[in-house]
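Peer 1: Task: produce atomic coordinates for the following.
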Amino acid sequence: MKKSGGAEKKRTRRTSAAVPGGGGGRDPNPDTPPRKQAAKRDVFQLFAEKVRDHKDLESRWAVLQETRVEYFRGKDFVTFMKNHPELKDILGSDQNLEVEDIGNALLRKKLLIRCDRVVKTVRPGKKKLSTWPAHLEMYHEHVFSDNDAFFAWTFEKRHPLWQTLLSFSWPVLTLAICLFPVYPHQCKILILYSCAGVLLLILSLLFIRAAIFGALYIILGKRVWFFPNILAEEATLGELFRFWPKKDEEERPKWTTRLFYAMVAVVVILLLRHHAPDEAARARYQKRVFNIIDDVIEWSPRLALSGMMEKQPTVVNVTEPNHNFTDGSKSSSDTGGAEASEEQDGDSGEKIEDSAFQQPDNVEDSDVFQEHDDHI
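Peer 2: Coordinates of the predicted model:
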């Protein structure tokens, strides 16, 4: 009886494991095992990374719910896939999918999210909406489209090796800046003139950029900014040093506005020329600057560690009470006052004696002295 009962229990366990959806937890569809599903997800992930790293797909950075994201336009993605069909080979069995199906697959796998512009109305003074908006919001339908649709990447981009090495160099650079006072004299001069040259280059670039914009705005009525992203807060390194200006999408200014700004520019130039420093003032400013630079460059830790600092006069802190010092000063003042009073008394006594032993010159003077003595 015991053996038959044990055999029945084994049979029930086997049958329960063979039933689809039972306690074994196996996939009900034997055609798609979990390893192949994971491989498909990895294939689309690899495809998305290749597409994002490709230079031909134009993209921008924007703010989406207080988070900076990189996004592209749907029509640019369609054009990109038509120009680079070899990227579909990464998908393997799904390489025959259409562009819209690939986009929808990326959306389903949450590698992309569809976004929409926050400002949906044309601003005053502009002809149309911005081509690349700076602020985005979530779109209610996550379906791929090439009609004024924006899509943002959701995964973090892998940083190249040089960016990782550069991130480790920032603490070293900070430490090197802090140790500038102990550098040799030649290194200080090299760093000083290098930083001054870079600063002069930046200021000159901004001045020339503003001068070209002002001249073209007043003469032709066009807004042309060379290096348009040089002052942008949120821009990549490639966008920061972009030279060619953006297309002017705003309305042309009126001639009265241009005339007003021309008059303001002339008045500012005349005021700057009138209040420009003369040669003597320039020489004084130059001397002050050179003195400050010399103090910074010629400082050496040997001077601080040697006996040169001991030759400096001692300075007493007036805010802290020093009873010994005050008592000593009082005693010295008292002794000094006593000595001064004794000297005054001695001088007065000598004068009295001299006047007493001095003989009168005539009789009238003797009578006067006699009356003085009687009065005493």
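
Peer 1: Where does pLDDT dip in the stretch 151-300 of the chain?
Peer 2: Low-confidence segments of the stretch 151-300 of the chain, defined by pLDDT under 70: 233-237, 249, 299-300.

Peer 1: let's see it at 90
Peer 2: For the stretch 151-300 of the chain, the stretches with pLDDT under 90 are 155-170, 173, 176-189, 192-193, 196, 216-258, 272-300.

Peer 1: for it, what spans make up the helices?
Peer 2: Taking DSSP state H, counting those that start in this stretch as the test, the helices found in the stretch 151-300 of the chain are 161-178, 185-219, 237-240, 255-274, 279-297.

Peer 1: Looking at those, spot the one closest to Arg68.
Peer 2: Closest to Arg68 of the helices of the stretch 151-300 of the chain, according to C-beta to C-beta: helix 237-240, at 12.9 Å. For the C-beta atoms, the positions are set from N, CA and C on the backbone; glycine is no exception.

Peer 1: helices or strands up against that closest one?
Peer 2: Judged by 3 or more C-beta pairs under 8 Å, 6 or more residues apart in numbering; DSSP states H and E, helix 237-240 has no packing partners among the helices and strands.

Peer 1: Identify the residues contacting it?
Peer 2: By C-beta atoms under 8 Å, 6 or more residues apart in numbering, the residues outside helix 237-240 that reach it are 60-61, 229-230, 232.

Peer 1: Let's see that with 6 Å instead.
Peer 2: The contact list for helix 237-240 (C-beta atoms under 6 Å, 6 or more residues apart in numbering) reads Asn229.

Peer 1: export the helices of the stretch 151-300 of the chain to TSV and tack on mean neighbour count?
Peer 2: Listed next are those as TSV, based on neighbours: other C-beta atoms under 10 Å:
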stretch	mean neighbour count
helix 161-178	9
helix 185-219	12
helix 237-240	10
helix 255-274	11
helix 279-297	10
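
Peer 1: What separation do you get for Leu129 and Val118?
Peer 2: Applying C-beta to C-beta, to the nearest Å, the value for Leu129 to Val118 is 11 Å.

Peer 1: Oops, could you answer that again for Val172 instead?
Peer 2: For Val172, the distance to Val118 equals 41 Å [C-beta to C-beta].

Peer 1: and what of Ile297?
Peer 2: The gap separating Ile297 from Val118 is 52 Å, by C-beta to C-beta.

Peer 1: One more: Glu86?
Peer 2: 36 Å.

Peer 1: Between the two, which is the more surrounded one?
Peer 2: Each of Glu86 and Val118 has its neighbours counted (other C-beta atoms under 10 Å); Val118 has more, 13 against 8.

Peer 1: what's the burial count for the closest residue to that one other than its chain neighbours?
Peer 2: The shortest distance from Val118 to any non-neighbouring residue, by C-beta to C-beta, 6 or more residues apart in numbering, is to His135 (4.3 Å). Look at His135: counted by other C-beta under 10 Å, it has 13 neighbours.

Peer 1: Check what pLDDT His135 gets.
Peer 2: pLDDT for His135: 90.

Peer 1: Next: Thr12.
Peer 2: Model confidence at Thr12, expressed as pLDDT, equals 41.

Peer 1: and what of the one 5 residues further on?
Peer 2: Reading off the per-residue confidence, Ala17 sits at a pLDDT of 40.

Peer 1: Helix or strand: which one has Arg114?
Peer 2: strand 112-117 (DSSP states H and E).

Peer 1: what pairs with that strand, and is each one parallel or antiparallel?
Peer 2: Sheet pairing here is set by DSSP bridges, and for strand 112-117 it gives strand 135-138 (antiparallel), strand 150-153 (antiparallel).

Peer 1: export the first one as PDB, just CAs?
Peer 2: Provided in PDB are the C-alpha atoms of strand 135-138 (Å, rounded to 0.1, in the frame of the first residue of the first chain):
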ATOM      1  CA  HIS A 135      11.100  73.200 -23.300                       C
ATOM      2  CA  LEU A 136       9.100  70.000 -23.900                       C
ATOM      3  CA  GLU A 137       6.300  68.100 -22.300                       C
ATOM      4  CA  MET A 138       5.000  64.500 -22.400                       C
END
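
Peer 1: Residues touching that strand, excluding its own?
Peer 2: Contacting residues not belonging to strand 135-138 are listed as 62-64, 115-116, 118 [C-beta under 6 Å, 6+ apart].

Peer 1: Among these, the buried ones, what's the ChimeraX command?
Peer 2: The buried residues among these can be selected in ChimeraX (16 or more other C-beta atoms under 10 Å) with this line:
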select :62,64,115
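
Peer 1: now, which of the contacts of strand 135-138 sits nearest Phe77?
Peer 2: Using C-beta to C-beta, Cys115 comes nearest to Phe77 of the contacts of strand 135-138, at 13.4 Å.

Peer 1: check contacts around that closest one.
Peer 2: 136, 139, 150, 152.

Peer 1: and which of these is nearest Asn104?
Peer 2: For the contacts of Cys115, the nearest to Asn104 is Tyr139 (13.8 Å; C-beta to C-beta).

Peer 1: burial count for that closest one?
Peer 2: For Tyr139, the tally of surrounding residues (other C-beta under 10 Å) stands at 16.

Peer 1: quick one, what contacts it?
Peer 2: Tyr139 makes contact with 114-116 under the criterion C-beta under 6 Å, 6+ apart.

Peer 1: Which helix or strand lies directly C-terminal to the host helix or strand of Phe44?
Peer 2: Per DSSP H and E, Phe44 falls inside helix 34-53. Next helix or strand after helix 34-53 toward the C-terminus (DSSP H and E): strand 60-64.

Peer 1: related to what we said a few turns ago, of the contacts of Cys115, which is the most crowded?
Peer 2: Highest neighbour count within these, by other C-beta under 10 Å: Phe150, with 24 neighbours.
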